[in-house]
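[1] Generate a structure from the sequence data that follows.
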Amino acid sequence: MDHNKLALPVGTTLDRFIMRKQEDFPYATGELSQLLRDIALATKIVNREINRSGLIDIAGAYGNRNVQGEEQQKLDVIANIRFIRALRNGGEVCTIISEEDEEMIQTGNVQGKYVVAIDPLDGSSNIDVNVSIGTIFSIYRRVSPTGNEGNEQDCLQTGTHQVAAGYVIYGSSTMMVYTTGNGVNGFTYEPSLGEFFLSHPQITTPKTGAIYSLNEGNSNEFSEAMTAYVDHCKQQGYSARYIGSLVADFHRNLLKGGIYIYPATKKAPNGKLRLMYECNALAFIVEQAGGKSSDGRTRTMELEPKGMHERCPLFIGSTELVEKAEEFMAREYEAATAAALK
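    Next up, the predicted model:
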């Protein structure tokens, strides 16, 4: 008997993978590796809180509104605290910006070389109905000298300056997907061992797909170009799939092919999603997986942030679908430009 069959290998853990890949960083000194581990630790804690939320009364509204004007859920607050605490204690981050906080969060780690932008719990309105939710994060190298607190210049960098980005999806299984600019890898959490294991190596998103994801309940607020593109998707026989959790919709389309859209509308001419906490991170990931992301005209990661909570439209997913959507948006822009010149 082959004794190895009695104890098959369980796979590569996230910690081991990070250590092996440290050499990919041109300035590898261990800090970024430790930072990724700190995020993974906070993820495990948040995963525990989510899984028992219905048992210990931490589901439901908290009673406050965040800086975005949205009603906070209790788990929004808990996740925000957990991630901030892990990043502060880890020592590698000088400053954090969070979707849940109006101002920059100084960690006290003035020697920290990194800045983190985070949406601690995306899709929190789905918590009470047991639908997949997630965490999204971006990591930047600070540009100010160490020895001082981070500043706005450190925080408001374009997405092209990200050194790492990722998301966690808390669903039928919990997965962490991240990139450091050398491809995209996904890790599935094994709760009995308390470890993330490599389950989706070198993720590549299909060049095209047959899924479009957007909230058609806002269709009365769409521009003519956006309406025309939705009609095009229907004429092509695409399937409409919209969960209402950005991470969940993005994750499905990343693996299966498709496009996620949150366009500008009459009520929200700048879109709804946040450039620093959501769009840049997912744009980095999708590009590393072979896809594309833009605001309809400009590459997402080249958009210049003017504020920490800036919003932007988002067209993200399979390259061919995003480029087709950009064609529709370009026609509208050209028409508007021509009209303005008359």
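[2] Output the lowest mean pLDDT helix or strand found in this structure.
    For the chain, scoring each helix and strand by mean pLDDT, DSSP states H and E identifies strand 61-65 as the least confident one, at a mean of 50.
[3] For the helix or strand hosting V77, the averaged confidence score.
    With elements taken from DSSP states H and E, the one containing V77 is helix 74-90. The predicted model assigns helix 74-90 a mean pLDDT of 93.
[4] same deal with stretch 193-208?
    If you average the pLDDT values across stretch 193-208, you get 96.
[5] buried sites along stretch 193-200?
    Under the neighbour-count criterion of 16 or more other CB atoms under 10 Å, stretch 193-200 has 195-197, 199 buried. Yep, even glycine has a C-beta here, placed from its N, CA and C like the rest.
[6] my guess is E310 contacts R274, does it?
    Yes. In this structure, E310 is within contact of R274 by CB atoms under 8 Å, at 6.9 Å.
[7] since we're on G134, how many residues are nearby?
    Applying the criterion other CB atoms under 10 Å, we find 27 residues in the vicinity of G134.
[8] Confirm it sits in a strand?
    Yes. If the criterion is DSSP: H, G, I helix; E, B strand; the rest coil, then G134 is within a strand.
[9] ok, and the closest non-adjacent residue to it?
    Nearest non-adjacent residue to G134, counting by CB to CB, 6 or more residues apart in numbering: V247, 2.8 Å away.
[10] helices and strands around the strand or helix carrying the one you found, which ones?
    Taking DSSP H and E as the definition, V247 sits inside helix 246-256. With contacts defined as 3 or more CB pairs under 8 Å, 6 or more residues apart in numbering; DSSP states H and E, helix 246-256 has these neighbours: strand 133-141, strand 162-170, strand 174-179, strand 211-213, strand 259-262, helix 280-288, strand 314-317.
[11] Of the ones you listed, which is nearest D76?
    Among these, the nearest to D76 by CB to CB is strand 133-141 (9.9 Å).
[12] What is the distance between that closest one and the centre of its chain?
    Per CA atoms, centre = their mean, to the nearest Å, the displacement of strand 133-141 from the mean C-alpha position of its chain is 6 Å.
[13] next one: stretch 299-314
    Taking CA atoms, centre = their mean, the mean C-alpha location of stretch 299-314 is offset from the chain mean by 14 Å.
[14] could you give me the average pLDDT of that stretch?
    Per-residue scores along stretch 299-314 average to 97.
[15] List the contacts of that stretch.
    67-68, 97, 99, 102, 104, 152, 155-160, 162, 260-264, 268, 270-276, 278-280, 282-284, 287, 293-296, 316 (CB atoms under 8 Å, 6 or more residues apart in numbering).
[16] PyMOL command for the buried members of the residues you listed?
    Typed into PyMOL, the line below selects the buried ones among the contacts of stretch 299-314, using 16+ other CB under 10 Å:
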select buried, resi 97+99+104+155+156+157+158+159+162+260+261+262+263+264+271+272+273+274+275+276+278+279+280+282+283+284+287+293+294+295+296+316
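[17] follow-up on the earlier one: elements contacting the helix holding V77?
    helix 31-51, strand 61-65, strand 93-98, strand 114-122, strand 133-141.
[18] In terms of mean pLDDT, which of those ranks lowest?
    strand 61-65 (a mean of 50).
[19] quick one: contacts for S219?
    With contacts taken as CB under 8 Å, 6+ apart, S219 has the following neighbours: 227, 230.
[20] Surely it forms part of a strand?
    No. According to three-state DSSP, S219 belongs to no strand; its state is helix.
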